[in-house]
Structures are given as C-alpha cells and as structure tokens.
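Chemist: Fold the stuff below for me.
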Amino acid sequence: LELEYDRPLRPAVEYLADGRYAAYKVVDGHPIGTGPYVMKEEGQELLLTPNNNYRGSEPRFSEARIVVALPGAAEAKLRAGELDALLFAEKYNLPGCDGASEGVRCVFGQESAHLVVYLNGLAGRFFNQHNLRLAMQTLIARKLEESGLPKDLKADHLSRDDQSFLPFQAGRLSGAEAAELIQAGQKHIPDLIAASKRDPIRLVSGRECQWLISLLRDAGVTVSTNSGKIDFSRILGMVYKTYEPDIVYIGYSVNNSDPDGLYHNLGRKGAIYSPIEARESVQDLFEEGRAIMSQALLAPHYEKTARAILKEVPYVHLGYTPCGVAYKPDRVKVSDNFVNRNTNQITIFEPR
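Modeler: Coordinates of the predicted model:
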C-alpha cells in the first residue's frame with residue numbers, strides 16, 4: 001500500500017495505525033473491512049460473528065449482539081441479566097458504578113471528551129468583543145474554583161482542566177502560565193455584566209445546564225429567559241446552521257494523542273468545526289502545526305497554539321469526562337491487557 005500526499009500531514013501516520021484510515025471495500029452494497037467481527041443487521045439488533053479472515057488474535061466471543069437500551073430501561077435490563085454489558089455507561093449515572101453494588105461493575109477510561117462552553121464570536125454577536133470572551137473565561141474558572149464542581153459535573157465524572165491539550169501532549173502549558181492567561185479577563189468582568197444587562201445572553205445545551213445559568217446569574221450576568229436545555233438535534237442546527245445562541249455548553253471527543261487531535265474542532269477544515277468558534281490566529285497555528293514533522297518542534301509550536309486558545313477564547317474549557325462501561329461480572333470480564341482512552345468497544349470484554 002502506497003499513499004502519496006500533496007503536502008506534509010503528520011497525523012496521517014497515526015490515522016493509519018487505527019481505524020480512521022481503515023481499509024475496506026464495498027461488496028453488494030455492504031462494506032467489508034478487516035476487523036475481528038462480521039456484522040449483520042437483524043431488525044433492531046446488530047449481530048457480530050467472528051471474521052475467519054482476521055489477521056489478529058482470535059475473537060473472544062463466538063457471537064455478540066448489540067442492542068439499543070434507552071436510559072430509562074438500561075439499568076434494569078443490566079441488573080436483570082438481559083444485558084451483559086452497557087457501553088457509554090457514564091451517560092446513565094448508574095448507582096452501581098461507585099462500587100456499592102456487587103451485581104454491576106464499571107470501568108472508566110481516561111480523558112475521553114472535552115467539556116466546553118462555546119462563545120459565539122461571529123460578527124455582530126455578543127462575544128465578537130474580545131474583552132467579553134476573556135471576561136467569561138475568567139469568571140467561569142474563578143467561580144468553579146471558589147464553589148467547587150456542581151453536582152451535574154460530578155455526575156459526569158468531570159476532571160476539571162482549563163487547558164485543551166492533555167497533560168502528556170505537546171502544547172501543555174505549566175499550570176502557572178495557564179492561570180496567568182486566564183486571569184487576564186478579570187478586569188473586563190464589569191464590562192461583561194454591564195453588556196449582558198443591555199443584551200441578555202442566550203445559553204443553550206443538550207445537557208443539564210441550569211448549574212451554568214445559575215453560576216452566571218449569581219455573578220451578576222444577565223442570562224435570557226429563553227436559555228436552558230433543549231433537544232440535542234436543535235443544538236446541532238444552531239451550532240452548524242443558524243448560530244442563534246451566544247453560548248453553547250457542549251462536549252466533543254478527545255480525538256487522539258497527537259496535538260493535532262484538536263484540529264477536528266478548532267481547525268479551519270475540522271470535521272466538527274463551527275464558525276461560532278472561529279478564531280483566525282488559532283486556525284492558522286493548527287494549519288501550520290499539521291506540517292511539522294520534527295518531534296523537537298512540536299512542543300514550542302503547540303505551546304504557542306495553547307496560548308492563542310486561552311487568549312482568543314473560542315470556548316471556555318471546563319475539563320475532561322471519561323467514557324465508561326458497566327458490566328455483569330458473573331458473565332464477562334474486562335481484558336487484563338486492555339489499554340484505551342475510550343472504553344466503548346465490545347473488544348475490551350472476555351467471557352467469564
């Protein structure tokens with residue numbers, strides 16, 4: 001296999017090592033890949049059986065079925081034995097995940113998703129003013145430090161972190177430098193409060209967001225009465241088409257270990273990029289960073305990028321949430337050699 005690029009693209013090496021550039025072909029309208037299982041749709045279920053042509057270790061299950069379990073019924077089905085495991089368990093806030101239940105166990109990965117507060121910086125919008133973005137970043141960081149995590153963020157298993165680059169990634173700043181950059185908005189908080197009185201801020205989310213609305217109002221910021229939680233399908237339309245809200249409280253995935261992993265959100269041609277968070281200097285730095293091939297040059301460049309993110313504030317970075325699975329320990333176990341940031345794959349399990 002030979003691939004030729006018209007310009008340097010460092011992340012391609014990592015993409016080739018995982019599923020992003022996975023090889024497949026379409027036969028009779030169906031994609032044929034190279035993974036450990038063959039997939040077949042059976043009504044509302046997905047049946048997985050071993051791929052006899054798989055080149056890796058032999059699949060651990062002779063058969064596996066993936067079904068949709070709605071939040072209201074998922075826990076009961078798991079405890080009743082109708083399900084052996086539940087992926088994305090962090091979204092269900094299961095009581096057994098704290099170790100109190102012997103019938104259910106949970107495993108959480110490391111940082112799986114960024115939790116952020118988008119600030120709409122489009123022309124004519126509230127946060128088009130740079131000083132107001134700086135003020136909002138400072139205000140949220142300060143209030144969370146003073147009051148601690150609200151219960152909704154604790155339920156999300158949030159690991160509080162103001163920085164968009166992970167602790168082990170090129171681009172990670174010292175805590176002291178990051179704190180100094182965030183503090184730069186302190187002098188603009190009165191301007192933020194005054195501006196919101198003239199033009200109340202609209203805040204929306206597909207997540208529980210009353211804690212954030214209350215945090216802002218308690219600090220003197222005026223939040224509009226049409227703010228609050230709405231259906232996630234409407235959020236997508238607002239983020240990518242209509243750009244109506246001033247603030248969108250949302251999460252997006254940790255892409256990979258390369259610092260270019262943030263490109264899919266902050267890059268000019270990123271897969272989930274939205275114009276509301278476009279900051280030209282940040283985008284330019286991500287474009288330049290993709291072409292860097294020398295490891296020695298990565299840290300200086302992405303530290304510059306990290307400073308630009310905290311100075312231009314495309315969003316306020318609240319921290320990271322993990323991805324988790326819940327399972328019945330009498331039926332399955334988690335593989336001892338499992339290492340992954342996103343624990344949302346059936347391949348982490350072995351039969352008991």
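Chemist: Poorly predicted segments of the stretch 151-300 of the chain, please.
Modeler: Within the stretch 151-300 of the chain, no range satisfies pLDDT under 70.
Chemist: measure residue 11 to residue 331 for me?
Modeler: 38 Å (Cβ to Cβ, to the nearest Å). Where you see a C-beta, it was placed from the backbone N, CA and C, and this is true even at glycine.
Chemist: Format the CA atom coordinates belonging to the one helix or strand residue 298 maps to as PDB.
Modeler: Element membership for residue 298 (DSSP states H and E) is helix 295-312. In PDB, the C-alpha atoms belonging to helix 295-312 read as follows (Å, rounded to 0.1, in the frame of the first residue of the first chain):
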ATOM      1  CA  GLN A 295       9.300  16.000  17.200                       C
ATOM      2  CA  ALA A 296      11.600  18.700  18.600                       C
ATOM      3  CA  LEU A 297       9.500  21.400  17.000                       C
ATOM      4  CA  LEU A 298       6.100  20.100  18.300                       C
ATOM      5  CA  ALA A 299       6.200  21.400  21.800                       C
ATOM      6  CA  PRO A 300       7.200  25.000  21.000                       C
ATOM      7  CA  HIS A 301       4.600  25.300  18.300                       C
ATOM      8  CA  TYR A 302       1.700  23.800  20.200                       C
ATOM      9  CA  GLU A 303       2.500  25.800  23.300                       C
ATOM     10  CA  LYS A 304       2.100  28.800  21.200                       C
ATOM     11  CA  THR A 305      -1.200  27.400  20.000                       C
ATOM     12  CA  ALA A 306      -2.300  26.700  23.600                       C
ATOM     13  CA  ARG A 307      -1.600  30.400  24.500                       C
ATOM     14  CA  ALA A 308      -3.600  31.500  21.500                       C
ATOM     15  CA  ILE A 309      -6.600  29.400  22.600                       C
ATOM     16  CA  LEU A 310      -6.600  30.900  26.000                       C
ATOM     17  CA  LYS A 311      -6.100  34.400  24.600                       C
ATOM     18  CA  GLU A 312      -8.700  34.200  21.900                       C
END
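Chemist: of residue 11 and residue 331, who's got more company?
Modeler: residue 11 (18 against 13; other Cβ atoms under 10 Å).
Chemist: Name the nearest residue to the more buried one, ignoring sequence neighbours.
Modeler: residue 260 (4.6 Å; Cβ to Cβ, 6 or more residues apart in numbering).
Chemist: Quick check: that neighbour touching residue 288?
Modeler: No. Contact between residue 260 and residue 288 fails when scored by Cβ atoms under 8 Å: they sit 10.8 Å apart.
Chemist: Who has more neighbours out of these two?
Modeler: Set residue 260 next to residue 288 and count neighbours by other Cβ under 10 Å: residue 260 wins out with 25 against 12.
Chemist: quick one, domains of the chain?
Modeler: With domains defined by automatic domain parsing, the chain comprises 12-110+322-351, 112-321.
Chemist: now the stretch 1-150 of the chain, which segments are flagged as low pLDDT?
Modeler: Looking at the stretch 1-150 of the chain by pLDDT under 70, you get 1, 14, 16-23, 92-102.
Chemist: Where do the helices of it begin and end?
Modeler: 12-17, 71-79, 130-147 (DSSP state H, counting those that start in this stretch).
Chemist: a markdown table for the ones you listed, including distance to residue 196 and mean neighbour count?
Modeler: Formatted as a markdown table, those follow (distance: least, Cβ to Cβ, whole Å; neighbours: other Cβ atoms under 10 Å):
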| stretch | distance to residue 196 | mean neighbour count |
| --- | --- | --- |
| helix 12-17 | 42 | 13 |
| helix 71-79 | 34 | 15 |
| helix 130-147 | 9 | 19 |
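Chemist: Residue 185 is nearest to which of those helices?
Modeler: Shortest distance between residue 185 and those, using Cβ to Cβ, is found for helix 130-147: 3.3 Å.
Chemist: who touches that closest one?
Modeler: Contacting residues not belonging to helix 130-147 are listed as 117, 119, 121, 126-127, 160, 162, 182-186, 188-189, 191-192, 195, 212, 215-216, 218-219, 221, 310-313, 316, 318 [Cβ atoms under 8 Å, 6 or more residues apart in numbering].
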